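# Any chance you can model this:
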Amino acid sequence: MKSKLPLISVIAFLSLALDQLTKYWARGTLRGTRGFDLIDNYLRFEYHENPGMAFGMGRDWPGGRFILIGLGLAVIFFVWYLVKDVKNRQKLTAVAFGLVAGGAIGNFIDRITIGRVVDFIVMHWRHKHAWPAYNIADAVLVVGVGLLLIALSAQPKKDDAPETASKRSQRSKKSSKRSSKKSRR
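Numbering: from 1, shown residues only. Next up is the predicted model:
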């Protein structure tokens, strides 16, 4: 995975930069306004601050900010643990980890600097049925996790691993011994 570190870094940096730039734009342009429809009846930009996790869960926890900061760090380390030894589809895994890292770090920065996460993208159906507000970090996290699931599911199981030369040799010796025992009978 070390050879993929530059790819991971570039993807993480680009994801993080896009997230932070759009949040900066949202704070300066959308805060204090009613927002605006980007695509009538479907996609709206409006400013929200989320002190909790996805869908606002955990917003009322005592010390929730610090719990969520710790949880964000744990997620980054857990994902790194999962992908560090991945051999198959390394590029896909590198891109996925870069997206997860960039998204997690983007929301992590918000939690440390302002104590909540800036959300500004709202998908809705004719202003009646709305998906909770989210941001670029959330979007790249979802895509990254999806790609990780694809990459990890494509890993060969230990039983399916290609047979090494020494395993073939041992299997051949056992087969020869069985054949010689049968011929002696």
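
# Go ahead and name everything in contact with stretch 126-146.
Applying Cβ atoms under 8 Å, 6 or more residues apart in numbering, the contact partners of stretch 126-146 are 15-16, 18-19, 22-23, 26, 41, 46, 48, 50, 54-56, 95-104, 106-107, 110, 117-124. Using the backbone N, CA and C atoms, a C-beta is placed for each residue, glycine as well.

# So which of those residues sit within helices?
15-16, 18-19, 22-23, 26, 95-104, 106-107, 110 (DSSP state H).

# and these, which are buried?
The neighbour count (16 or more other Cβ atoms under 10 Å) marks 15-16, 18-19, 22-23, 26, 95-104, 106-107, 110 as buried among those.

# now the strands for the protein?
Ranges of strands within the chain are 36-39, 43-50, 117-125, 129-130, based on DSSP state E.

# list the helices and strands the second one packs on?
Put plainly, it is strand 43-50. Strand 43-50 sits against helix 5-29, strand 36-39, strand 117-125, with contacts defined as 3 or more Cβ pairs under 8 Å, 6 or more residues apart in numbering; DSSP states H and E.

# Tell me which of the strands of the chain sits nearest to Leu30.
Closest to Leu30 of the strands of the chain is strand 43-50 (Cβ to Cβ; 3.8 Å).

# Show the average pLDDT along that closest one.
Taken as a whole, strand 43-50 has a mean pLDDT of 92.

# ok, Tyr42 - contacts?
By Cβ under 8 Å, 6+ apart, the neighbours of Tyr42 are Met123, His124, Trp125.

# ok, Thr29 to Phe45 distance?
Thr29 sits 8 Å away from Phe45, taking Cβ to Cβ, to the nearest Å as the criterion.

# Just send the strands of the chain back as TSV, with mean neighbour count and distance to Ile8 too.
TSV is the format used below for those (neighbours: other Cβ atoms under 10 Å; distance: least, Cβ to Cβ, whole Å):
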stretch	mean neighbour count	distance to Ile8
strand 36-39	11	31
strand 43-50	18	27
strand 117-125	19	23
strand 129-130	10	34
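
# that older thread, in a markdown table, list the helices and strands packed on strand 43-50 along with distance to Trp80 and mean pLDDT.
Shown next, in a markdown table, are these (distance: least, Cβ to Cβ, whole Å; pLDDT from 0 to 100):
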| stretch | distance to Trp80 | mean pLDDT |
| --- | --- | --- |
| helix 5-29 | 10 | 94 |
| strand 36-39 | 35 | 91 |
| strand 117-125 | 22 | 91 |
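
# how long is stretch 123-131 end to end?
End-to-end distance for stretch 123-131, by Cα to Cα, to the nearest Å: 5 Å.

# Tell me how many other residues surround Gly32.
Gly32 has 7 neighbours, counted by other Cβ atoms under 10 Å.

# Could I get the phi/psi values of it?
Main-chain dihedrals, Gly32, degrees, to the nearest 10: phi 80, psi 0.
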